[in-house]
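Engineer: The sequence and its predicted three-dimensional model are supplied below.
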Amino acid sequence: MSDGNGSRAPVTIIGLGAMGTALAGAYLAAGHPTTVWNRTGGRAGDLVSRGAVEVPEVASAVAASPLVIVCVLDYPAVREVLDPIGAALSGRVLVNLTNGTPAQARETATWAAGHGVDYLDGGIMAMPPGIGTSDAFVLYSGSEDAFVTYRRELELLGAASYLGTDPGLAALHDLALLSGVYGMFAGFVQAFALAGSENIRATEFVALLTPLLHAMLADLPNWAERIDSGDHTTGVVSNLGMQATAFPNLIRASRDQGVRPDLMAPMQALLDRGVTGGHGKADLTVLVELLTSPAPTKGTPA
(Lines give C-alpha, C1' and ligand atoms only; values in the text may rest on other atoms or scores of the structure.)
Protein backbone atom coordinates (compact mmCIF):
# COMPACT_ATOMS: atom_id res chain seq x y z
CA MET A 1 0.00 0.00 0.00
CA SER A 2 1.25 3.48 -0.80
CA ASP A 3 0.25 6.81 0.68
CA GLY A 4 -1.52 7.77 -2.54
CA ASN A 5 1.51 9.54 -4.02
CA GLY A 6 3.39 6.39 -4.94
CA SER A 7 5.62 6.39 -1.88
CA ARG A 8 5.83 3.53 0.60
CA ALA A 9 3.39 3.41 3.49
CA PRO A 10 4.87 4.22 6.92
CA VAL A 11 5.26 1.31 9.31
CA THR A 12 5.78 1.27 13.07
CA ILE A 13 7.55 -1.60 14.82
CA ILE A 14 7.03 -1.99 18.57
CA GLY A 15 9.61 -4.26 20.19
CA LEU A 16 13.25 -4.51 19.15
CA GLY A 17 14.30 -7.94 20.23
CA ALA A 18 16.01 -10.09 17.62
CA MET A 19 12.76 -10.65 15.72
CA GLY A 20 11.45 -7.09 15.97
CA THR A 21 14.79 -5.78 14.74
CA ALA A 22 14.62 -8.15 11.77
CA LEU A 23 11.07 -6.99 10.97
CA ALA A 24 12.12 -3.34 11.02
CA GLY A 25 15.14 -4.17 8.87
CA ALA A 26 12.93 -5.76 6.21
CA TYR A 27 10.82 -2.61 5.92
CA LEU A 28 13.85 -0.36 5.78
CA ALA A 29 15.33 -2.51 3.03
CA ALA A 30 12.10 -2.12 1.05
CA GLY A 31 12.11 1.66 1.41
CA HIS A 32 9.30 2.07 3.94
CA PRO A 33 9.47 4.95 6.41
CA THR A 34 9.95 2.96 9.61
CA THR A 35 9.38 4.16 13.16
CA VAL A 36 10.65 2.00 16.01
CA TRP A 37 10.11 1.88 19.75
CA ASN A 38 11.41 -0.41 22.47
CA ARG A 39 10.83 -0.36 26.22
CA THR A 40 14.57 -0.62 26.79
CA GLY A 41 16.48 2.03 24.90
CA GLY A 42 19.76 1.62 23.10
CA ARG A 43 18.74 -1.14 20.71
CA ALA A 44 17.91 0.91 17.61
CA GLY A 45 21.37 2.25 16.72
CA ASP A 46 21.88 0.09 13.63
CA LEU A 47 18.29 0.64 12.48
CA VAL A 48 18.60 4.39 12.91
CA SER A 49 21.81 4.36 10.87
CA ARG A 50 19.81 2.71 8.11
CA GLY A 51 17.05 5.32 8.21
CA ALA A 52 14.66 4.29 10.99
CA VAL A 53 13.20 6.90 13.30
CA GLU A 54 13.43 5.97 16.97
CA VAL A 55 10.95 7.68 19.27
CA PRO A 56 11.01 7.73 23.08
CA GLU A 57 7.26 7.26 23.65
CA VAL A 58 5.10 4.40 22.40
CA ALA A 59 2.22 6.82 21.74
CA SER A 60 4.47 8.74 19.33
CA ALA A 61 5.41 5.50 17.60
CA VAL A 62 1.76 4.59 17.10
CA ALA A 63 0.89 8.07 15.82
CA ALA A 64 3.59 7.84 13.15
CA SER A 65 2.04 5.07 11.05
CA PRO A 66 -1.30 3.59 9.97
CA LEU A 67 0.24 0.12 10.22
CA VAL A 68 1.55 -0.84 13.67
CA ILE A 69 3.34 -4.15 14.17
CA VAL A 70 4.06 -5.39 17.68
CA CYS A 71 6.47 -8.22 18.43
CA VAL A 72 7.41 -8.51 22.09
CA LEU A 73 8.08 -11.29 24.58
CA ASP A 74 4.53 -12.41 25.31
CA TYR A 75 0.89 -11.29 25.35
CA PRO A 76 1.00 -9.81 28.87
CA ALA A 77 3.80 -7.58 27.56
CA VAL A 78 1.62 -6.62 24.58
CA ARG A 79 -1.15 -5.46 26.86
CA GLU A 80 1.24 -3.76 29.26
CA VAL A 81 2.59 -1.69 26.39
CA LEU A 82 -0.66 -1.01 24.55
CA ASP A 83 -3.32 -0.71 27.26
CA PRO A 84 -2.32 2.85 28.21
CA ILE A 85 -2.47 4.06 24.59
CA GLY A 86 -5.47 2.12 23.30
CA ALA A 87 -7.25 5.29 22.20
CA ALA A 88 -4.25 6.33 20.10
CA LEU A 89 -4.54 3.09 18.10
CA SER A 90 -8.11 3.83 17.00
CA GLY A 91 -8.47 3.73 13.23
CA ARG A 92 -5.16 1.96 12.73
CA VAL A 93 -4.24 -1.59 11.79
CA LEU A 94 -2.51 -3.51 14.56
CA VAL A 95 -0.61 -6.65 13.58
CA ASN A 96 0.47 -8.68 16.59
CA LEU A 97 3.32 -11.06 15.77
CA THR A 98 3.96 -12.03 19.39
CA ASN A 99 3.93 -15.76 20.12
CA GLY A 100 0.93 -16.82 22.21
CA THR A 101 -2.14 -19.03 22.45
CA PRO A 102 -5.40 -18.91 20.48
CA ALA A 103 -7.25 -17.76 23.61
CA GLN A 104 -4.81 -14.89 24.10
CA ALA A 105 -5.16 -13.88 20.47
CA ARG A 106 -8.95 -13.81 20.70
CA GLU A 107 -8.86 -11.84 23.93
CA THR A 108 -6.52 -9.29 22.38
CA ALA A 109 -8.74 -9.03 19.30
CA THR A 110 -11.71 -8.24 21.55
CA TRP A 111 -9.65 -5.57 23.30
CA ALA A 112 -8.63 -4.10 19.94
CA ALA A 113 -12.20 -4.03 18.65
CA GLY A 114 -13.23 -2.14 21.77
CA HIS A 115 -10.71 0.56 20.85
CA GLY A 116 -11.67 0.80 17.17
CA VAL A 117 -8.55 -1.04 16.04
CA ASP A 118 -8.41 -3.31 12.97
CA TYR A 119 -6.58 -6.36 14.34
CA LEU A 120 -4.54 -9.13 12.77
CA ASP A 121 -2.84 -11.83 14.80
CA GLY A 122 0.15 -13.57 13.30
CA GLY A 123 2.55 -16.45 13.71
CA ILE A 124 6.06 -16.13 12.31
CA MET A 125 7.45 -19.38 10.95
CA ALA A 126 11.08 -18.32 10.64
CA MET A 127 14.14 -17.40 12.64
CA PRO A 128 15.14 -13.71 12.60
CA PRO A 129 17.82 -14.14 9.88
CA GLY A 130 15.16 -15.63 7.59
CA ILE A 131 12.82 -12.62 7.72
CA GLY A 132 12.40 -11.09 4.28
CA THR A 133 13.70 -14.19 2.50
CA SER A 134 12.00 -17.02 0.62
CA ASP A 135 12.59 -19.26 3.65
CA ALA A 136 10.09 -17.36 5.81
CA PHE A 137 6.33 -17.56 5.96
CA VAL A 138 3.93 -15.84 8.31
CA LEU A 139 0.42 -16.95 9.24
CA TYR A 140 -2.32 -14.36 9.81
CA SER A 141 -5.88 -14.42 11.08
CA GLY A 142 -8.39 -11.79 12.12
CA SER A 143 -9.46 -8.78 10.06
CA GLU A 144 -9.67 -9.74 6.40
CA ASP A 145 -9.85 -6.07 5.38
CA ALA A 146 -6.59 -5.38 7.19
CA PHE A 147 -4.90 -8.33 5.51
CA VAL A 148 -6.08 -7.34 2.03
CA THR A 149 -5.13 -3.70 2.55
CA TYR A 150 -1.62 -4.44 3.78
CA ARG A 151 -0.86 -7.72 2.11
CA ARG A 152 1.96 -6.18 0.08
CA GLU A 153 3.63 -4.91 3.24
CA LEU A 154 3.12 -8.19 5.05
CA GLU A 155 4.63 -10.13 2.15
CA LEU A 156 7.89 -8.23 2.71
CA LEU A 157 8.41 -10.29 5.87
CA GLY A 158 7.80 -13.66 4.21
CA ALA A 159 5.06 -15.48 2.33
CA ALA A 160 1.79 -14.35 3.93
CA SER A 161 -0.99 -16.88 4.50
CA TYR A 162 -4.42 -15.72 5.64
CA LEU A 163 -6.25 -18.39 7.64
CA GLY A 164 -9.60 -16.76 8.37
CA THR A 165 -11.45 -14.21 10.46
CA ASP A 166 -11.08 -16.11 13.74
CA PRO A 167 -8.09 -14.29 15.29
CA GLY A 168 -7.03 -17.44 17.14
CA LEU A 169 -6.31 -19.49 14.01
CA ALA A 170 -2.84 -18.12 13.37
CA ALA A 171 -1.71 -18.91 16.92
CA LEU A 172 -3.27 -22.38 16.69
CA HIS A 173 -1.44 -23.18 13.45
CA ASP A 174 1.77 -21.66 14.80
CA LEU A 175 1.75 -23.83 17.92
CA ALA A 176 0.67 -26.95 16.04
CA LEU A 177 3.55 -26.52 13.61
CA LEU A 178 5.96 -25.87 16.46
CA SER A 179 4.68 -29.01 18.19
CA GLY A 180 5.87 -30.98 15.16
CA VAL A 181 9.22 -29.23 15.25
CA TYR A 182 9.76 -29.73 18.99
CA GLY A 183 8.70 -33.36 18.71
CA MET A 184 11.40 -33.79 16.10
CA PHE A 185 13.89 -31.96 18.31
CA ALA A 186 13.01 -34.28 21.19
CA GLY A 187 13.84 -37.27 19.00
CA PHE A 188 17.11 -35.63 17.97
CA VAL A 189 18.13 -34.96 21.56
CA GLN A 190 17.35 -38.52 22.66
CA ALA A 191 19.06 -40.05 19.65
CA PHE A 192 22.27 -38.08 20.04
CA ALA A 193 22.35 -38.70 23.78
CA LEU A 194 21.98 -42.45 23.27
CA ALA A 195 24.61 -42.58 20.53
CA GLY A 196 26.92 -40.39 22.57
CA SER A 197 26.72 -42.79 25.51
CA GLU A 198 29.11 -44.97 23.48
CA ASN A 199 31.25 -42.02 22.38
CA ILE A 200 29.78 -42.02 18.88
CA ARG A 201 30.41 -38.57 17.44
CA ALA A 202 27.28 -36.59 16.60
CA THR A 203 28.76 -35.59 13.26
CA GLU A 204 29.11 -39.27 12.36
CA PHE A 205 25.71 -40.29 13.68
CA VAL A 206 23.81 -37.54 11.88
CA ALA A 207 24.92 -39.02 8.55
CA LEU A 208 22.83 -42.09 9.42
CA LEU A 209 19.94 -40.24 11.06
CA THR A 210 19.26 -37.71 8.31
CA PRO A 211 18.35 -40.11 5.46
CA LEU A 212 16.16 -42.15 7.80
CA LEU A 213 14.21 -39.05 8.79
CA HIS A 214 13.83 -38.01 5.16
CA ALA A 215 12.34 -41.40 4.38
CA MET A 216 9.91 -41.14 7.30
CA LEU A 217 8.87 -37.59 6.38
CA ALA A 218 7.95 -38.74 2.89
CA ASP A 219 5.10 -40.77 4.41
CA LEU A 220 3.48 -37.80 6.18
CA PRO A 221 0.98 -37.10 3.36
CA ASN A 222 -0.27 -40.69 3.70
CA TRP A 223 -0.61 -40.16 7.44
CA ALA A 224 -2.63 -37.01 6.79
CA GLU A 225 -5.01 -38.91 4.50
CA ARG A 226 -5.56 -41.55 7.17
CA ILE A 227 -6.22 -38.91 9.81
CA ASP A 228 -8.72 -37.04 7.63
CA SER A 229 -10.54 -40.23 6.60
CA GLY A 230 -10.51 -41.79 10.07
CA ASP A 231 -9.38 -45.08 8.50
CA HIS A 232 -6.42 -46.27 10.57
CA THR A 233 -6.57 -49.97 9.70
CA THR A 234 -6.53 -50.41 5.90
CA GLY A 235 -3.18 -51.40 4.46
CA VAL A 236 -1.26 -51.04 7.71
CA VAL A 237 2.38 -52.07 7.37
CA SER A 238 3.64 -51.57 10.92
CA ASN A 239 0.81 -51.67 13.41
CA LEU A 240 0.60 -50.05 16.81
CA GLY A 241 0.68 -53.36 18.69
CA MET A 242 4.00 -54.35 17.15
CA GLN A 243 5.51 -50.94 17.83
CA ALA A 244 4.22 -50.91 21.40
CA THR A 245 5.98 -54.23 21.97
CA ALA A 246 9.30 -53.01 20.58
CA PHE A 247 9.22 -49.48 22.00
CA PRO A 248 10.21 -50.43 25.59
CA ASN A 249 13.66 -51.33 24.22
CA LEU A 250 14.26 -47.60 23.71
CA ILE A 251 13.48 -47.04 27.37
CA ARG A 252 15.55 -49.97 28.61
CA ALA A 253 18.55 -49.18 26.43
CA SER A 254 18.54 -45.56 27.53
CA ARG A 255 18.54 -46.53 31.19
CA ASP A 256 21.21 -49.17 30.61
CA GLN A 257 23.40 -46.53 28.95
CA GLY A 258 22.87 -43.98 31.68
CA VAL A 259 20.60 -41.80 29.53
CA ARG A 260 17.35 -40.49 30.99
CA PRO A 261 14.31 -41.74 29.02
CA ASP A 262 12.18 -38.72 29.94
CA LEU A 263 11.48 -37.76 26.32
CA MET A 264 10.41 -41.27 25.30
CA ALA A 265 8.29 -42.27 28.31
CA PRO A 266 5.16 -40.29 27.30
CA MET A 267 5.16 -41.98 23.89
CA GLN A 268 5.35 -45.38 25.57
CA ALA A 269 2.35 -44.51 27.74
CA LEU A 270 0.33 -43.45 24.68
CA LEU A 271 1.23 -46.60 22.75
CA ASP A 272 0.19 -48.74 25.71
CA ARG A 273 -3.08 -46.85 25.97
CA GLY A 274 -3.77 -47.56 22.29
CA VAL A 275 -3.17 -51.28 22.69
CA THR A 276 -5.27 -51.44 25.85
CA GLY A 277 -8.05 -49.64 24.00
CA GLY A 278 -8.16 -52.27 21.25
CA HIS A 279 -6.18 -50.40 18.59
CA GLY A 280 -3.28 -52.84 18.32
CA LYS A 281 -3.89 -53.54 14.62
CA ALA A 282 -4.22 -49.87 13.71
CA ASP A 283 -1.63 -47.54 12.26
CA LEU A 284 0.18 -45.07 14.54
CA THR A 285 -2.12 -42.38 13.15
CA VAL A 286 -4.81 -43.58 15.55
CA LEU A 287 -2.82 -41.89 18.31
CA VAL A 288 -4.19 -38.56 17.09
CA GLU A 289 -7.66 -39.69 18.13
CA LEU A 290 -6.37 -40.82 21.51
CA LEU A 291 -4.83 -37.40 22.13
CA THR A 292 -8.09 -35.65 21.31
CA SER A 293 -10.27 -37.88 23.48
CA PRO A 294 -10.45 -37.83 27.28
CA ALA A 295 -8.00 -40.06 29.07
CA PRO A 296 -9.77 -43.08 30.57
CA THR A 297 -10.34 -43.24 34.29
CA LYS A 298 -8.84 -46.12 36.20
CA GLY A 299 -10.68 -49.37 35.53
CA THR A 300 -12.31 -48.25 32.27
CA PRO A 301 -11.17 -49.12 28.73
CA ALA A 302 -9.15 -46.54 26.72
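Structural biologist: Looks like it came in fine. Numbers count the residues shown, from 1 in each chain.
Engineer: How many residues are close by the closest residue in space to residue 165 that isn't next to it in sequence?
Structural biologist: Distances taken as C-beta to C-beta, 6 or more residues apart in numbering put residue 144 closest to residue 165, at 5.9 Å, once the chain neighbours are dropped. Any C-beta I mention is one placed from the backbone N, CA and C, and that applies to glycine too. By other C-beta atoms under 10 Å, 14 other residues sit near residue 144.
Engineer: when you give positions from now on, start the count at 11
Structural biologist: With 11 as the first residue, the last one maps to residue 154.
Engineer: Quick check: residue 154 touching residue 177?
Structural biologist: No - using C-beta atoms under 8 Å as the test, residue 154 is too far from residue 177 to be in contact (11.1 Å).
Engineer: State which strand of this protein is the longest.
Structural biologist: strand 128-135 (DSSP state E).
Engineer: tell me which strands and helices that one is in contact with?
Structural biologist: Packing partners of strand 128-135 (3 or more C-beta pairs under 8 Å, 6 or more residues apart in numbering; DSSP states H and E): strand 103-106, helix 112-124, strand 147-152, helix 154-159, helix 179-206.
Engineer: Make sure residue 267 is actually in contact with residue 207.
Structural biologist: Yes - using C-beta under 8 Å, residue 267 is in contact with residue 207, at 3.8 Å.
Engineer: Before we move on, what's the pLDDT of residue 162?
Structural biologist: Residue 162 is assigned 97 on the pLDDT scale.
Engineer: Could you point out the helix or strand that follows the helix or strand harbouring it?
Structural biologist: Element membership for residue 162, per DSSP states H and E: helix 161-165. Counting by DSSP H and E, the element after helix 161-165 in chain order, helix or strand, is strand 169-172.
Engineer: what sits up against that next one?
Structural biologist: Strand 169-172 is contacted by residues 144, 146, 147, 148, 149, 150, 151, 154, 157, 161, 164 when judged by C-beta atoms under 8 Å, 6 or more residues apart in numbering.
Engineer: on that earlier part again, in a markdown table: the helices and strands packed on strand 128-135, plus distance to residue 233 and mean pLDDT.
Structural biologist: Formatted as a markdown table, the helices and strands packed on strand 128-135 follow (distance: least, C-beta to C-beta, whole Å; pLDDT from 0 to 100):
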| stretch | distance to residue 233 | mean pLDDT |
| --- | --- | --- |
| strand 103-106 | 32 | 98 |
| helix 112-124 | 24 | 98 |
| strand 147-152 | 22 | 98 |
| helix 154-159 | 31 | 98 |
| helix 179-206 | 11 | 97 |
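Engineer: for the chain, what are the low-confidence residue spans?
Structural biologist: For the chain, the stretches with pLDDT under 70 are 11-16, 305-312.
Engineer: In JSON lines, list the contacts of strand 169-172 along with distance to residue 119.
Structural biologist: Output for these, formatted as JSON lines (distance: C-beta to C-beta, whole Å):
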{"residue": "144", "distance to residue 119": "30"}
{"residue": "146", "distance to residue 119": "24"}
{"residue": "147", "distance to residue 119": "22"}
{"residue": "148", "distance to residue 119": "17"}
{"residue": "149", "distance to residue 119": "15"}
{"residue": "150", "distance to residue 119": "12"}
{"residue": "151", "distance to residue 119": "9"}
{"residue": "154", "distance to residue 119": "13"}
{"residue": "157", "distance to residue 119": "13"}
{"residue": "161", "distance to residue 119": "19"}
{"residue": "164", "distance to residue 119": "17"}
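Engineer: do you know how far residue 59 is from residue 51?
Structural biologist: 16 Å (C-beta to C-beta, to the nearest Å).
Engineer: This structure - how does it break down into domains?
Structural biologist: 21-174, 183-301 (automatic domain parsing).
Engineer: looking at these, which is buried most?
Structural biologist: Stretch with highest mean neighbour count among those: domain 21-174 (a mean of 19; mean count of other C-beta atoms under 10 Å).
Engineer: measure that one end to end?
Structural biologist: For domain 21-174, the first-to-last residue distance is 23 Å (C-alpha to C-alpha, to the nearest Å).
Engineer: Please, where are all the helices along the chain?
Structural biologist: For the chain, the helices defined by DSSP state H cover 28-39, 55-59, 68-73, 85-92, 112-124, 154-159, 161-165, 179-206, 212-227, 230-239, 250-256, 258-266, 275-286, 297-301.
Engineer: Out of those, which gets nearest to residue 102?
Structural biologist: Taking C-beta to C-beta, helix 68-73 is the member of these nearest to residue 102, at 6.9 Å.
Engineer: So what touches that closest one?
Structural biologist: By C-beta under 8 Å, 6+ apart, the surrounding residues in contact with helix 68-73 are 22, 24, 45-47, 65, 78, 91-92, 94-95, 98-99, 102.
Engineer: If anything else comes up later, I'll come back, but that's it for now.
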